[in-house]
Structures are given as C-alpha cells and as structure tokens.
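**Student:** please find the sequence and the predicted model below.
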Amino acid sequence: MELSTPVEQLSRVGPAYQKKLKRLGIKNVRDLLYHFPHRYEDFSNIVPISRLQLNEAACIQGAITEIKNIRTWKKRMFLTQGIIQDKSGILKIIWFNQPYLTKTLKVGDSICLAGKLIKKEKDFYFSNPIYEKLSADLTHTGRIVPMYPETAGLSSRWLRFIIKPILTNLKNSITDPLPPEFLKKFSLIPLSQALWQVHFPDSKGLAKKAEDRFSFEELFFISLFVQKERQKIKAQKAIALPIQLELIKDFVKRLPWPLTNAQKKTGWQILKDLEKPRPMNRLLEGDVGSGKTVVATMAALNTVKTGYQTAFMAPTEILAKQHFKTVFELLKDFNVSIGLVTGKDNRLFSKDLKEIVISTRKKLLEKIKSGELDILIGTHALIQKEIKFDNLALVILDEQHRFGVQQRAHLCQQKKFIPHLLSMTATPIPRTLTLTIFGDLDLSIINELPQGRKKIFTQIVGPEKRTMAYQFIKEQVKLGYQIFVICPRIEASARLTSWAEVKAVKEEYQKLSEVVFPDLKIAMLHGKMKSSEKEAVMNNFKRGEINILVSTSVVEVGVDIPNATVMMIEDAERFGLAQLHQFRGRVGRSKHQSYCLLFTDSPVSKTSQRLKAVVSSEDGFKLAEKDLAIRGPGSLDGIRQWGIPDLTMASLTDVLLVEKTQEAAKEMIKSDPSFKKHPSLKEGLKNFGERIHLE
C-alpha cells in the first residue's frame with residue numbers, strides 16, 4: 001500500500017463506500033489520511049458508574065449482564081436495552097433502532113461506553129452511547145476520539161475503523177517531504193507521527209503539534225508553488241503592447257458615466273503592465289457593480305488596436321452573454337469584431353455588419369484562426385482544442401483565478417510568447433489570503449463604487465416582521481420595481497445538494513405565487529434548467545415582464561437589472577458574509593433606492609454576528625475580514641477550489657506563520673532551486689501542484 005493507492009484497492013471498502021468517499025473528494029489513501037478531524041471528543045477519563053453526573057458526557061467500562069431488543073409499536077422503533085456493571089454499581093443502557101447490537105454485544109462482554117446519563121421520570125440510563133469491546137488499543141472510546149466531516153452513510157466511526165489499520169500498515173513506509181533540518185529548525189514532528197497524532201492523539205498537546213505540522217507543511221507548499229509559478233512567468237516572453245493614449249482618452253470620454261479614481265488607477269496599472277515584454281499576471285478585485293468590466297474592456301481595446309487578439313472567459317453562460325453585451329455596448333463605435341462562444345451559442349459582432357448576428361461555430365473558428373476576430377468571449381468552451389487564435393496577447397478571466405503558464409500556452413498558436421493575464425474577482429479576499437494564495441498575481445483593487453449610487457438599505461427580517469416585509473415588497477412592485485429572491489443554501493450531502501436547492505426554489509416559488517403574491521408575475525431560476533430556459537427567464541425579467549425572480553444561490557444572476565430594487569434572501573444565516581454581500585450588490589445599480597432584506601427564522605435580537613455585520617457595513621473588504629474572523633477562511637467563495645484542508649485554512653489567519661513559511665520557501669528556492677538535494681520535497685511539491693485547482 002502507498003499514499004497513491006486508489007480507494008478501490010482497499011480492503012473493506014466496497015463499491016457503495018467508494019462512491020461515498022468520492023463525494024468527500026477522497027480518491028486515494030493520501031486523500032483519506034488528509035481527511036482530518038474537525039473536532040475531538042475527550043473520552044480518555046474513565047468514570048466509575050457511581051460517580052456519573054446527569055447530562056454530562058462521560059466514559060464508563062464494565063461487563064454486560066443483560067441485553068435484549070424491544071419493539072415499541074407506538075413509535076414503531078426498536079429499543080436495545082442492556083445492563084452494564086462495574087465495581088461501583090450497575091446502569092441501564094438504551095440504544096435506538098440498532099437491533100443488530102444483540103448479535104454484536106453478548107452477556108459477559110467487557111465493554112467501554114461513551115455517552116450521557118439521562119433521567120426520564122424515575123429512570124436513569126445511558127442514552128445511545130458509543131460502544132466498543134474492551135481491548136488494549138481502544139479506537140472509539142476511552143481516549144481522545146476524532147470526529148470527521150461526514151456525508152450521508154459515512155460516519156466518523158466507519159472512518160476511524162478504516163483509517164487506523166491503514167496508518168498501522170504505512171507506519172514505517174511514509175516518506176516525509178519536509179527535510180530533517182526543517183523539522184528541527186521549526187520544531188515540527190515527522191509526518192508518520194503527525195498523521196497518527198492528528199487521527200488518534202495520545203493527548204491534546206500532541207494533537208496540537210500534529211495540527212501545527214500540517215499547517216506549516218501546507219502553507220510552505222503554497223508559498224513554494226506560488227514562487228515557482230512566479231519564476232516560470234518571469235522566464236516567459238510576452239508581446240509588449242504600447243499604450244494607445246489618445247485611443248484610451250477617447251474611450252473614457254465616450255463612457256456614459258465618469259470613471260472613479262480607483263478605476264483610473266487600476267486601469268493605468270494594467271496598461272503599464274501590458275507595455276512590458278514579460279507576461280502580466282494581475283488580479284483585479286472589486287465589489288459587485290464597481291466597474292471591473294469597464295477596466296478590462298479598456299485593456300482589451302488597447303490590445304486590439306495594437307494589432308492583437310483578446311480572450312475573455314466567464315464561469316457561466318449567463319455571465320459570458322452579459323459580458324458580450326457589455327463589451328459590445330462599450331466598443332460598438334471603435335471598429336472592433338467581437339465573438340461569443342458557449343456550449344451551444346455562437347454570436348458575432350462584425351466590423352462590417354455593425355450588428356450582432358447568430359454565427360455558425362465553423363465561421364467563428366475561421367475568423368479566430370485568421371485573426372479577423374479581435375475579442376472572443378465565452379465559457380470554458382474557449383480552451384477547446386478546435387479554437388486556435390492567430391495572435392492572442394491578452395486573456396481576461398472572470399472569477400477564475402488559477403490559470404497557469406501551460407493553460408495560457410494552450411490558447412496560443414505561437415509558442416514563443418505567453419499572453420498577458422488579467423483575473424477579476426467580485427469576492428473581496430482578505431489581504432493575508434490574497435498574499436498567500438494569489439501571491440503569484442499582482443493586485444489591483446477597485447475600492448469605490450461609481451458616483452450617484454445610493455446606499456442600499458439592509459435590514460434583518462425576523463418571523464415577527466415577515467408579513468410587513470411582504471407588504472413592502474408588494475408596494476415596490478406597484479411602484480414599477482422588480483424583486484430578486486434567493487433561496488437558502490441547503491447543507492446536504494454533495495450528491496443531494498443541487499437537487500435539494502432546486503426543491504427549495506420550487507417550494508418558495510409555489511408559496512410566493514400561490515399564497516403570498518397570487519396577483520404578481522413570478523418566475524424561478526435554478527441550475528437544473530436548460531440554458532435556453534434560463535436565458536428566456538432572464539430576458540423576460542430584464543424586459544420587466546416578471547415582477548419577482550426566485551433563484552438558487554448557485555445560479556449566477558449576474559445580469560444587470562437596474563430596475564430591481566429589492567434583494568430578499570431566505571434563511572440568510574445559512575450564507576457567508578462574502579456571499580450575502582455579493583447578493584446585495586445585485587440591486588442598487590441605478591438611481592433608485594434599493595433594499596436588501598435578510599429573512600431569518602430567529603428573532604432579530606438573537607440573530608447571528610454575520611447578519612448584523614452585513615447590516616452595519618457596506619465595505620466588502622471589511623466584511624471579508626469579519627468573515628475570516630467569524631467563520632474562518634474555508635467559507636470564503638472560490639478558496640475551496642484549492643483543495644486546502646480546513647485545518648490549514650484556519651492557519652491563514654496566522655500572519656506570523658504565513659510570513660515564516662514564505663521566508664522558508666524563499667530560502668529553499670535560493671539554496672536549492674531545482675530541489676536536487678531534496679528529492680522528497682520535489683515529489684511533495686509535484687503532488688501538491690496536482691492537488692490544487694488550476695483552471
């Protein structure tokens with residue numbers, strides 16, 4: 001067995017469990033061993049039965065003197081009742097719906113139980129305890145017990161049962177990627193010991209030492225990876241694109257609104273980068289509605305008028321079509337050809353025709369290859385083998401931060417040059433995270449909204465104010481405005497989540513259209529609809545034919561609807577701050593006063609810190625910092641794509657540790673740039689590179 005051994009080859013892991021493991025992203029032994037506990041239960045203190053305290057978790061040991069199953073017809077369930085005895089006394093045990101226990105546990109068996117002492121009427125008993133037969137090496141009781149992130153049908157008990165023998169098997173054969181001098185210098189325990197102590201710690205202190213080791217390792221590999229990527233990019237050549245100053249001035253003058261100072265500053269940073277003969281690698285951060293697309297279009301125009309092509313990639317069809325429309329509106333007077341490529345849709349704005357036409361894929365491909373098409377906008381369809389650019393010089397990515405040198409080279413016909421890269425994100429990422437994870441990208445921030453935007457009025461709506469809020473929404477519709485309704489994120493298994501969210505949307509749609517607003521025009525939008533259906537709904541909404549649009553949280557309703565004034569979010573506490581802030585940014589995009597209503601089933605006085613933070617601040621960067629403090633980095637959108645465990649994500653708030661690992665990575669690259677002296681480190685970095693998500 002090795003760390004790379006697929007789960008299919010593990011004994012006691014059949015096809016059903018293989019599917020469940022893959023739902024958690026576990027494909028091989030390494031994934032399984034790096035599926036760390038999210039908390040521990042301390043059952044290491046064995047208490048005599050006579051000293052048990054009511055409603056307190058405790059662990060007891062003794063012998064079974066009686067065990068039997070009882071069927072309760074009223075509640076239609078099995079009760080397994082037993083008696084356990086130690087030197088200090090006897091105690092009743094009850095398990096619910098586990099009739100198989102009478103075959104597993106027999107009278108006379110010495111067992112260890114972890115649970116709570118419950119009193120019902122005059123009856124005292126141990127309720128549904130974790131059980132284990134006594135042995136020299138306990139796994140589920142009598143020790144500090146790991147509790148793991150789970151999925152339907154995959155319990156922490158089963159994970160402990162599988163992981164323990166694997167650790168025993170691999171005990172002496174795991175190669176530590178960190179050099180011995182690193183372990184000594186930074187007081188880290190070796191990998192084999194860390195794996196054992198993170199899963200089955202002998203003490204809380206050793207569990208912490210294991211966590212420290214993995215936090216350091218992961219941050220160190222992030223730093224190494226980022227710095228190696230930076231080196232690769234510096235070694236590449238790009239096409240230098242001189243600034244067409246008069247053209248840019250003309251573009252700015254023709255805009256229907258003045259640029260903000262932040263837009264001017266970030267636009268200039270990008271144009272200066274494009275002048276250099278090495279590839280630009282820049283991340284443009286800005287809130288929803290801050291005007292990132294205008295800045296990106298300015299860079300695309302400069303590229304095109306220097307004689308080269310631009311590719312503009314968006315994560316969804318809806319957003320790709322929105323970008324196509326926006327770029328067309330901004331550049332229609334500049335004699336530029338623009339194409340749109342998604343899964344099934346191909347459109348073209350030709351210099352000659354002066355209008356948007358539906359095009360065949362073949363015709364578009366020919367125009368891209370010949371260089372006749374200046375800007376191509378699309379989804380991942382852009383990086384298909386059949387699409388070949390003639391002279392691509394700039395790649396713009398919306399919400400797709402990781403895009404390496406190889407991916408860029410794939411877009412180019414010529415291999416001598418690598419296109420410049422501009423990434424955009426509407427998720428404000430705290431500085432610590434940005435420097436660590438996106439440290440290979442230069443950073444530009446648009447931290448102000450266009451002039452004339454009114455502050456969005458945000459309010460928490462508890463159950464006592466729901467009727468009043470519905471009345472307010474009705475009044476907004478009467479005034480001619482439109483409403484977004486976002487349905488709750490469903491915390492279910494990965495397999496069930498998307499369908500559960502669709503169900504939530506359908507139920508909300510039914511409630512609003514049949515009970516709350518039977519006289520209004522309501523439509524729904526979710527990820528299981530065909531793209532043509534989604535587009536038709538969005539077009540109807542944009543034309544004002546729909547009063548209220550009910551949507552899942554996962555559908556990108558990125559289409560600009562200036563007439564929408566209310567963002568209503570059901571079960572708002574289920575969302576992170578960054579996401580709530582993004583939802584709010586979809587209204588308030590015109591001169592009309594807009595509102596964000598955070599619906600919750602909790603009384604307003606008891607609402608979570610998150611909802612109160614959204615009400616008190618409209619600054620996306622401050623909210624992101626608060627989100628980091630309240631929930632930890634794992635909840636920030638877009639970060640999980642890196643595949644970094646929650647344990648390590650939490651360490652990203654530790655600025656000193658981040659700086660320490662960055663310095664260690666710099667020293668390593670300086671002293672041994674090709675890792676000839678450290679082959680295990682080279683292998684570890686290779687595995688890390690394969691594990692993280694590169695678009």
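**Tutor:** Looks like it arrived, so ask away.

**Student:** where does the stretch 501-650 of the chain have low pLDDT?
**Tutor:** Applying pLDDT under 70 to the stretch 501-650 of the chain picks out residues 501-502, 554-559, 603-607, 627-650.

**Student:** ranges for the helices of it?
**Tutor:** For the stretch 501-650 of the chain, the helices defined by DSSP state H, counting those that start in this stretch occupy 531-542, 577-584, 609-616, 620-631, 646-651.

**Student:** how about those helices in a markdown table, adding distance to residue 15?
**Tutor:** Just so you know, the C-beta spots here come from the backbone N, C-alpha and C atoms, and that holds for glycine as well. Listed next are the helices of the stretch 501-650 of the chain as a markdown table, based on distance: least, C-beta to C-beta, whole Å:
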| stretch | distance to residue 15 |
| --- | --- |
| helix 531-542 | 33 |
| helix 577-584 | 36 |
| helix 609-616 | 40 |
| helix 620-631 | 35 |
| helix 646-651 | 28 |
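
**Student:** highest mean neighbour count out of the ones you listed?
**Tutor:** helix 577-584 (a mean of 24; mean count of other C-beta atoms under 10 Å).

**Student:** by contact count, what packs against that one?
**Tutor:** Packed against helix 577-584 by the contact rule (3 or more C-beta pairs under 8 Å, 6 or more residues apart in numbering; DSSP states H and E) you find strand 564-569, strand 595-599, helix 609-616, helix 620-631.

**Student:** so which of these is nearest residue 230?
**Tutor:** Of all the helices and strands packed on helix 577-584, helix 620-631 sits nearest to residue 230, with 24.1 Å by C-beta to C-beta.

**Student:** domains in the protein, by residue range?
**Tutor:** With domains defined by automatic domain parsing, the chain comprises 45-142, 245-275+291-425, 457-617.

**Student:** so which of the ones you listed is nearest residue 6?
**Tutor:** Nearest to residue 6, of all those, is domain 457-617, at 19.1 Å by C-beta to C-beta.

**Student:** and the closest one, how far from the chain's centre?
**Tutor:** Its chain's C-alpha centre and that of domain 457-617 lie 21 Å apart, by C-alpha atoms, centre = their mean, to the nearest Å.

**Student:** what's the answer for stretch 106-124, then?
**Tutor:** 42 Å.

**Student:** now that stretch: buried residues?
**Tutor:** Neighbour counts over stretch 106-124 (16 or more other C-beta atoms under 10 Å) mark 109, 111, 112, 113, 114, 115, 116, 117 as buried.

**Student:** first-to-last residue distance for that stretch?
**Tutor:** Start-to-end span of stretch 106-124 (C-alpha to C-alpha, to the nearest Å) is 22 Å.

**Student:** what's the distance between residue 61 and residue 125?
**Tutor:** Here the criterion is C-beta to C-beta, to the nearest Å. By it, residue 61 lies 17 Å from residue 125.

**Student:** swap in residue 618?
**Tutor:** Separation of residue 618 from residue 125 (C-beta to C-beta): 54 Å.

**Student:** quick check: mean pLDDT across stretch 133-140?
**Tutor:** Taken as a whole, stretch 133-140 has a mean pLDDT of 87.

**Student:** mind listing what's buried along it?
**Tutor:** Buried-residue list, stretch 133-140, by 16+ other C-beta under 10 Å: 138, 139, 140.

**Student:** got it, and stretch 246-253?
**Tutor:** Judged by neighbour count using 16+ other C-beta under 10 Å, the buried positions of stretch 246-253 are 247, 248, 251.

**Student:** can you redo the residues you listed as CSV with secondary structure?
**Tutor:** Compiled in CSV, the buried residues of stretch 246-253 are given as follows (DSSP: H, G, I helix; E, B strand; the rest coil):
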residue, secondary structure
247, helix
248, helix
251, helix
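
**Student:** contact partners for the residue in the chain sticking out farthest from the centre?
**Tutor:** The C-alpha centroid of the chain is most remote from residue 87, which lies 52.3 Å away (C-alpha atoms, centre = their mean). With contacts defined as C-beta atoms under 8 Å, 6 or more residues apart in numbering, residue 87 is in contact with residue 48.

**Student:** and the lengthiest helix in the chain, what does it pack onto?
**Tutor:** Using DSSP state H to define each element, the chain has its longest helix at helix 204-235. The contact analysis (3+ C-beta pairs under 8 Å, 6+ apart) places helix 204-235 against strand 39-42, helix 191-199, helix 405-411, helix 431-437, helix 646-651, helix 655-671, helix 679-691.

**Student:** would you mark the buried spots in the shortest one?
**Tutor:** Neighbour counts using 16+ other C-beta under 10 Å place 40, 41 of strand 39-42 among the buried residues.
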